[in-house]
Structure formats: C-alpha cells, structure tokens
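In: The sequence isn't on hand, but the structure is:
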C-alpha cells in the first residue's frame, strides 16, 4: 500500500542562509546538505533558529541572503505553494471546516490531480485512520490529528517533508509510539524528512543525521552516535546528554595522549579525540562512562582517577542510579551506574573514588561559558 | 479508599445541578420580567392595534377593537413600492457595506496583527463615528450633498454633473447614507472573527499548493463566515426598518421612502394606527422569515 507514496526524495542544500529580523539575526550563514531519502533532525533549544530555517525551506519566510537548493534547483524565490515541499505543522493546522478526508485531499485537489478522494483514502489507510475519514479534525484525539497532518502532507509525495516539532503536543507515551511509527513510515516511503525538534532523545532516536543548532548556526553535525560520543563543543556536550567537564592548561601532548592540569590533578584524553591541544582546553566525560570505587584504584596511565569524594545525592531512575559525588578541590561529578548488580552498593555520605578510561575523554574546541578557568 | 470517597460524593453531586438550576432560574427572573413587560406586551398590543376598525363615531385617530384583516391587504396594496424599496435598499446597502468592511476588518485583524499601535488606531477610527450622534452625522451628509454645496458645485464645474443635476433626495444618497451609517456594525463582527483566525491554517493552505487567492476562498473566507453572518444581520435588520436616512428631512426625497418612513407617517402624521401596526407586523415577520432562511442556508450552526 505504501508504494503509492514512494517518491524520490531530493537532496536539500542550504548555502550561506541568513535571516535577519528587526533587531536580531535568527539564522547566520547556515550551510547544510541533506542527502535524498535521509531522516535529518535539526536539534536545538527554543530560539536557536531551527524553526526559522524550516520556515525558509517551506517558503513561509524569505531568507535575507543565501540559496536554498532542492534537487539542485534554487527554490529561494518560489512561493510556498509552488514548492514541492510539505510541512507537518507544530499545531497540525488541520482545517476545522473540512472533514478529515477533505483535509487530506486538499493538496491533491489544489494540484488538480486525478482521484483526490481515492488517494486521500489510501493515505489515511497508511496512518490507520480510514475509519475516521468523515469526522471533523476537532473530534479526533491529539495523536490522531497528528497522523492526519502526516497523511495530509505525505499524500502529495513531496520531495522533502518538513516536520516542525510534530510530536511536541503529545504526552510522553504517545510521543514514543508516534516516533516509532514516523520512523517506520519514513523508511517505508523513502522520502527526505527534515525534522525540527528541541527533544534530544527524539532526534537521536529517529534521525540518521542530527545537526545541533545554537544561536543561528550549526554547532555540530553527524550521526547521533558520533554526536554523543564525541561532542566537539561545550554546547553540544551539554545539550546532548550530560557531561562532566574539566578546564585547564595543556601540560603535555604527544601523538597519543593530551593532558591538562585541573586544580592540581592530571586529566588525560586521547589526542585524536581532542579538538584542540594547546592553551586552555576543556576535557569532558559522559557520566555513564565513569565508575566509582570504594577503595583507591591502582594508578594506571590508561585511567583518570579523582577522589576521594563524598556521595551527596543518589537518584534511582530505574535502569540506573545517578550519583552526585563532591570531590574536595575538584568539584561535583555525576556518575551513572547501571543497575545490573555489578556496582558497589553505597550509601549517601560514603567516600568513593571516581575513574574513567582515558579513551572515553573528549576534548572540546571551546570552553563552557560561565565556568571559571583554572590556570 | 479513593473509590469509597468518590462513591459517597456521587449523590451529593447529583443534587448539584437542580440546585444551580433553581438559582439560575431566580437570576433569570428580572430578565424574563423585562421581556414580558417590554417585548411581549407591546407585541400583543401591536397585533391587536393592527386589527382594529375605524371608530363608529368617525373621529380621527379613534379606533375600535375588531378583526379587520383587510388592514393588511390595504397596507400591502397601498405601500407595495415602499416595501419593495426597503428590502432592495437593505440588500444593496448590506452587500456594499460587506464589500467595504471585509477588507478593513481583514487589514486590522490580520495584516496589523503584530502592530498593536496601528491596530488600536484603526479600530478607534472604525468606532469613532459613534462618538457623534447618528442624526448629526446624517445631517452633515445632507449638507455635503445639498444642491449649493461645494461637492455638487465642483462636480458641476468640472462637467461630470449637468447644471440641473442633484444628489440629495436620490436613491444614491439614501443607499450611500445607509452604507455609511452601518459600516461599523459590519466591520466589528468580522474583525472579531478574523482576529481569532489561526494564521497557521493559511500557511498550511499555501503549503498544500493553494495560491493566495485560492487559500482565501477555501480557508479564510469559510472560516470567517460566522463573522460575515452576524455582520450582515446587524446591518440588514436595522436598515430594513430605518426611517431616518430615507426621510425628506435627511438624505431622502419624495420617491425614496422606505417602510420605516411609512410607519412613521401613519403613526405620527395621519394617525392611521391600524395600518402602521399592520406594516410593522409584516416587516417583523418578513425579517424573521428571511433571517432564519439565511442562517439555515449558510449552515453556520456547523461553524459556531
């Protein structure tokens, strides 16, 4: 059934896109390339310019500067209704005065294609809502409305489907379910999807490639695994998951390892996992890559060891425990331990050491803002 | 335990509505009393008067109780041109007011949405005529249109008007005055409706391949229908019964009289109360029939 909607998605390329609003620059010199058929996520906090970028691609805003190429053709000057692009809006924007079926058939009717209702019915069948075709949108639940909005866009077989935080209004459980469905539909129809979201879990879960946006530019672009494992900037390290970060002057660096001195302690990472190896740099590690020990571990060049420190907070999250460990002279570290029965059982107030393998460190290209430098 | 708590509260909840029902009824009493006194009573009195017969004594302005249905036949045959003219003028003025008001309302509600200052100024301008009495404003138009006025003289001088042409007292002057007076009543309901228009629906229309004009016809216009309906009702109904604009004291002439003028003349000048009442009853019945047909045809109950 889904073969009805298989269309060749097209490459999208943004070249030097800039958007100025009175008083501020929403998007600044943005370059982006999305290969055909990819599920691409633009991830960032609110106000980072991701929705503005999406609206420029849809034609709802016009860029102050730059080119928007779809399948190699510049569409920046085209009106929204002339672009082979469809959008799933954040609030769904279903037409309240039309039935669900008429909503879905709207695009087909406007393009004067054959059999608008038959095509709309097939699109509704794909999202399993054919039995609600004659209802009004306001008679449907949030999740159903979301699926109608998706069918209304997909029925047109756009070269590019834009999704503007389409799951934002749904509750957590429904959101997870819709994430799975959306991903399945994308794989089935093979269209290029551009998904805008502020939910990092959603972006990592669904997208082939994620671009993290901050203050109008892209901080880092890559597969979710790479972004998480090797964040290049402090913003990415903080926005995607949690990090423990240490800032200090580089004391030694060679082809293998790079070390900094942080409040009198040596913290080491791999040189190939460092963006910068001179001057003051930040080295971070993910909390789940760290371990704590009740006795002092034996010194090992392959390990960073800090401590002892006191456990000041323990949070049980089901699959893991999250510990806050206050190490005198170092600061507070976060350690996640899987609840698989291998970590030591500790109480609040216990004195522990923290360690992690040097290959799990990552060196950033910039310094986290608001953190005092340790010279 | 929670279930037990809910269970014990259920009967108490069922008592709630009937109690609030009594309170609501009590609060409605003044309104019902008012309606009975000032609407039902005059209506009954009007119908009784419309069926009265001339007094047996032959005194002018004196009438006896009766069932003179002939009063209605007389009113229709005698005043058919004025009745026809009233509804023609009302339809024409309503259509013109809509054509003028919709773009104004659209501009204020949609195009000025992000400019509160401009929006406030424009809304004030729409309402501003209400600051001056309706009679004074209509009288002002009489001055502007009168035969030795600047406007008419300029039109004559530049040759658009012949030497013996005039505006005052024509159908044009009356319809113009009606449109002018009722534009705010058309603009405000449409504005109130368009102000709530979700612009993402318009964006969705353009995203789904509809040109701006198609988006307007398929989305904005149908969604603003409730505003258009209330605007046209607020305009059409009072215009049908208007007796100021078309009167000879204002913008009308001998051949522009509307139903309102006929009622006024029969009540206050000729003192033919039964005929005046019969016309009033017919005017009211016609409006009720027309309006209910109109509301049903436009299917607004679906949108309201």
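Out: Nice, thanks for sending it over. Bear in mind that the values here come from a model prediction, so they are computed numbers and not experimental data.

In: how about residue A:333, secondary structure?
Out: strand (DSSP: H, G, I helix; E, B strand; the rest coil).

In: From what I see, it and residue A:322 are in contact.
Out: No - applying CB atoms under 8 Å as the test, residue A:333 and residue A:322 come out as separate, 11.2 Å apart. Any C-beta I mention is one placed from the backbone N, CA and C, and that applies to glycine too.

In: who has more neighbours, those two?
Out: Shown here are residue A:333 and residue A:322; by other CB atoms under 10 Å in any protein chain shown, residue A:333 has more neighbours (22 against 16).

In: Enumerate every residue touching the more buried one.
Out: Counting by CB atoms under 8 Å, 6 or more residues apart in numbering or on different chains, residue A:333 makes contact with A:244, A:287, A:290, A:306, A:309, A:324, A:325, A:327, A:354.

In: Looking at those residues, which one is closest to chain B?
Out: Nearest to chain B among those: residue A:324, at 35.7 Å, using CB to the nearest CB.

In: hmm, back to that, ranking the contacts of residue A:333 by neighbours, who comes first?
Out: residue A:325 (27 neighbours).

In: Let me know the helix or strand that that residue is in.
Out: Using DSSP states H and E, residue A:325 sits in strand A:320-327.

In: residues bridging contact with residue A:333 and residue A:322, i.e. touching both?
Out: residue A:287.

In: burial count for residue A:39?
Out: Residue A:39: 22 surrounding residues under other CB under 10 Å.

In: tell me which parts of the stretch 151-300 of chain B are close to chain A?
Out: Counting by CB under 8 Å from any CB of the partner chain, the residues of the stretch 151-300 of chain B lying close to chain A are B:198, B:200-201, B:203-212, B:214-215, B:218-219, B:222-223.

In: Which ones among those residues lie within helices?
Out: Using DSSP state H, the members of these that fall in helices are B:200, B:201, B:203, B:204, B:205, B:206, B:207, B:212, B:214, B:215, B:222, B:223.

In: Only whichever of these are buried, select them in ChimeraX.
Out: Buried subset of these, written as a ChimeraX selection, criterion 16 or more other CB atoms under 10 Å in any protein chain shown:
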select /B:200,201,203,204,205,206,207,214,215,222,223
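
In: Could you dump the ones in helices among the residues of the stretch 151-300 of chain B next to chain A into JSON lines with pLDDT and distance to residue B:46 added?
Out: Conversion of those to JSON lines gives the following (pLDDT from 0 to 100; distance: CB to CB, whole Å):
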{"residue": "B:200", "pLDDT": "94", "distance to residue B:46": "51"}
{"residue": "B:201", "pLDDT": "96", "distance to residue B:46": "47"}
{"residue": "B:203", "pLDDT": "95", "distance to residue B:46": "53"}
{"residue": "B:204", "pLDDT": "96", "distance to residue B:46": "52"}
{"residue": "B:205", "pLDDT": "96", "distance to residue B:46": "50"}
{"residue": "B:206", "pLDDT": "95", "distance to residue B:46": "54"}
{"residue": "B:207", "pLDDT": "95", "distance to residue B:46": "56"}
{"residue": "B:212", "pLDDT": "95", "distance to residue B:46": "51"}
{"residue": "B:214", "pLDDT": "96", "distance to residue B:46": "50"}
{"residue": "B:215", "pLDDT": "96", "distance to residue B:46": "49"}
{"residue": "B:222", "pLDDT": "93", "distance to residue B:46": "39"}
{"residue": "B:223", "pLDDT": "94", "distance to residue B:46": "40"}
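
In: In a markdown table, list the ones in helices among the residues of the stretch 151-300 of chain B next to chain A along with distance to residue A:41.
Out: Below are these laid out as a markdown table (distance: CB to CB, whole Å):
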| residue | distance to residue A:41 |
| --- | --- |
| B:200 | 22 |
| B:201 | 26 |
| B:203 | 22 |
| B:204 | 22 |
| B:205 | 27 |
| B:206 | 25 |
| B:207 | 20 |
| B:212 | 31 |
| B:214 | 33 |
| B:215 | 29 |
| B:222 | 36 |
| B:223 | 33 |
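
In: what's the most distant pair in the ones in helices among the residues of the stretch 151-300 of chain B next to chain A?
Out: Spanning the widest gap among these are B:207 and B:222, at 17.9 Å by CB to CB.

In: Report the mean per-residue pLDDT for stretch B:281-296.
Out: Stretch B:281-296 carries an average pLDDT of 90.

In: next one: that stretch to chain centre, how far?
Out: Taking CA atoms, centre = their mean, to the nearest Å, the mean C-alpha location of stretch B:281-296 is offset from the chain mean by 12 Å.

In: again with stretch A:216-231
Out: Here stretch A:216-231 is found 8 Å from its chain centre; the criterion is CA atoms, centre = their mean.

In: which residues are contacting it?
Out: Contacts made with stretch A:216-231 from outside it, assessed by CB under 8 Å, 6+ apart, are listed as A:25-32, A:48-49, A:203-205, A:207-213, A:232-233, A:235-237, A:240-241, A:243, A:273, A:284, A:286, A:362, A:364.

In: Mind checking which of the residues you listed land in strands?
Out: Within these, residues falling in strands by DSSP state E are A:25-32, A:209-213, A:284, A:362.

In: Buried subset of those residues as a PyMOL selection?
Out: Of those, the buried ones go into a single PyMOL selection, burial set by 16+ other CB under 10 Å:
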select buried, chain A and resi 26+27+30+32+209+210+211+212+213+284+362
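
In: helices or strands up against the helix or strand of chain A with the lowest mean pLDDT?
Out: Least confident helix or strand of chain A, by mean pLDDT, DSSP states H and E, is helix A:172-189 with a mean of 83. Packing partners of helix A:172-189 (3 or more CB pairs under 8 Å, 6 or more residues apart in numbering or on different chains; DSSP states H and E): helix A:142-154, helix A:200-206.

In: Is residue B:33 within a helix or a strand, and which one?
Out: In the assignment (DSSP H and E), residue B:33 maps to helix B:2-35.
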